[in-house]
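Participant: Provided below for reference: sequence and predicted model.
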Amino acid sequence: MTGIRVALAGVRGRMGSLLVAGVTANPAMELVAGFDPRDIGLEVAPGVKVSSPAEMDSVLKERKPDVLVDFTNAAAAVTNARIAARNGVKLVIGTTGFSDEQFEELKAAIQGNVPAIISPNFSIGVNIFWRLVEDMAKLLQPYHYHVEIIEMHHAHKKDAPSGTAMKAAEIVARHMGGRFIYGRHGITGERTEDEIGIHAVRAGDIVGEHTVLFAGAGERLELIHRANSREAFAQGALKAVEWIAGKEECRIYTMEEMMR
């Protein structure tokens with residue numbers, strides 16, 4: 001089989017399972033390796049068994065993928081990026097929850113070594129949502145609107161607030177200023193003008209919902225993105241695999257660049 005040779009880190013996770021199906025169904029791609037601390041040795045596709053993350057260096061050398069897709073956790077993603085970059089494997093990273101220090105380590109591993117695309121959300125709809133948030137923030141900046149961001153996810157999500165919510169908050173702050181307030185509790189006093197409220201809900205099997213609320217005197221505007229399934233994230237990640245496979249400049253790219 002010919003095509004883009006793909007390896008998946010986090011192959012037994014929720015996104016990993018969708019990506020296995022997506023890669024194997026895509027005639028332009030070939031799944032050549034999968035990594036996860038769970039179910040080591042399990043065959044996830046014809047000829048592809050789950051390898052331990054500790055084996056990543058040797059497996060990448062042997063199977064020679066073009067792109068490694070990472071949906072793991074922040075600490076694992078930094079390690080995986082180092083190993084992939086050392087082996088000349090391009091990267092698609094959808095992992096979230098990085099500390100500032102971890103993201104700097106991630107950038108150091110990638111810059112000048114391999115092309116990579118990193119996004120807290122690969123959904124095409126979410127990336128349009130961010131653009132609309134930016135338009136709203138620019139338009140409303142002179143008019144003293146308050147901004148609150150509410151995100152909802154399933155009970156198993158480990159990081160909060162979501163990377164999608166944080167990017168929305170950063171976009172708002174870039175154009176309207178403000179400081180982030182994470183939830184409120186007790187006697188907080190009146191809301192100050194420079195707050196950007198960020199609130200996280202964890203319940204049931206909610207795939208993902210994000211609301212950015214702009215409230216002014218006598219009115220409010222709300223931008224909402226609802227994910228009905230993880231399929232939207234998986235399909236966006238597969239588009240990113242196709243796109244990054246054709247890039248040669250060794251740096252971090254964004255979904256915004258991909259969608260131009």
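Facilitator: Yes, it's here.
Participant: so where do the strands sit in the stretch 1-150 of the chain?
Facilitator: 4-9, 29-35, 43-45, 48-51, 67-70, 90-93, 116-118, 146-153 (DSSP state E, counting those that start in this stretch).
Participant: Roughly how far does Ile110 sit from Ala9?
Facilitator: 15 Å (Cβ to Cβ, to the nearest Å). Where C-beta positions appear, they are placed from N, C-alpha and C, glycine not excepted.
Participant: Could you check which of the two has the larger neighbour count?
Facilitator: Remark: of Ile110 and Ala9, Ala9 carries more neighbours, 28 against 22, as counted by other Cβ atoms under 10 Å.
Participant: Who is that one paired with across the strands?
Facilitator: Phe35, Asp70 (DSSP bridges).
Participant: longest helix anywhere in this structure?
Facilitator: Longest helix in the chain, counting residues (DSSP state H): helix 124-140.
Participant: Show me where the stretch 51-200 of the chain dips below the pLDDT cut-off.
Facilitator: For the stretch 51-200 of the chain, no stretch has pLDDT under 70.
Participant: As CSV, the strands of the stretch 1-150 of the chain with distance to Arg174 would be great.
Facilitator: CSV is the format used below for the strands of the stretch 1-150 of the chain (distance: least, Cβ to Cβ, whole Å):
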stretch, distance to Arg174
strand 4-9, 31
strand 29-35, 36
strand 43-45, 41
strand 48-51, 41
strand 67-70, 27
strand 90-93, 22
strand 116-118, 18
strand 146-153, 12
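Participant: I'd like to know which of the ones you listed lies nearest to Thr192.
Facilitator: Ranking the strands of the stretch 1-150 of the chain by proximity to Thr192 (Cβ to Cβ) places strand 146-153 first, at 9.6 Å.
Participant: Bridging across strands, which residues link to His146?
Facilitator: Ala215.
Participant: ok, now which ones touch it?
Facilitator: 191, 193, 195, 214-216 (Cβ atoms under 8 Å, 6 or more residues apart in numbering).
Participant: From Arg191, how far off is it?
Facilitator: 7 Å.
Participant: which residues in the stretch 101-250 of the chain form helices?
Facilitator: Taking DSSP state H, counting those that start in this stretch to define them, one finds helices in the stretch 101-250 of the chain at 124-140, 163-176, 231-245.
Participant: Which of the residues in the longest one are classified as buried?
Facilitator: For helix 124-140, the neighbour count (16 or more other Cβ atoms under 10 Å) marks 124, 126-127, 129-130, 133, 136-137, 140 as buried.
Participant: ok, now stretch 213-231?
Facilitator: 213-214, 223, 225, 227, 230.
Participant: repeat for stretch 88-104
Facilitator: Buried positions in stretch 88-104, judged by neighbour count with 16+ other Cβ under 10 Å: 89-98.
Participant: again, but for stretch 55-65
Facilitator: For stretch 55-65, burial by neighbour count (16+ other Cβ under 10 Å) applies to 56, 59-60, 63, 65.
Participant: Please tell me how far it is from the chain's geometric centre.
Facilitator: Offset of stretch 55-65 from its chain centre (Cα atoms, centre = their mean, to the nearest Å): 24 Å.
Participant: CA atoms only: put it into CSV for me.
Facilitator: C-alpha atoms of stretch 55-65 as CSV (Å, rounded to 0.1, in the frame of the first residue of the first chain):
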residue,chain,number,x,y,z
GLU,A,55,9.1,1.5,22.4
MET,A,56,8.3,4.6,20.3
ASP,A,57,11.9,5.4,19.3
SER,A,58,12.6,1.9,18.0
VAL,A,59,9.2,1.5,16.3
LEU,A,60,9.4,4.8,14.5
LYS,A,61,12.9,3.8,13.2
GLU,A,62,11.5,0.5,12.0
ARG,A,63,8.1,1.5,10.6
LYS,A,64,9.2,5.0,9.3
PRO,A,65,5.9,6.9,9.4
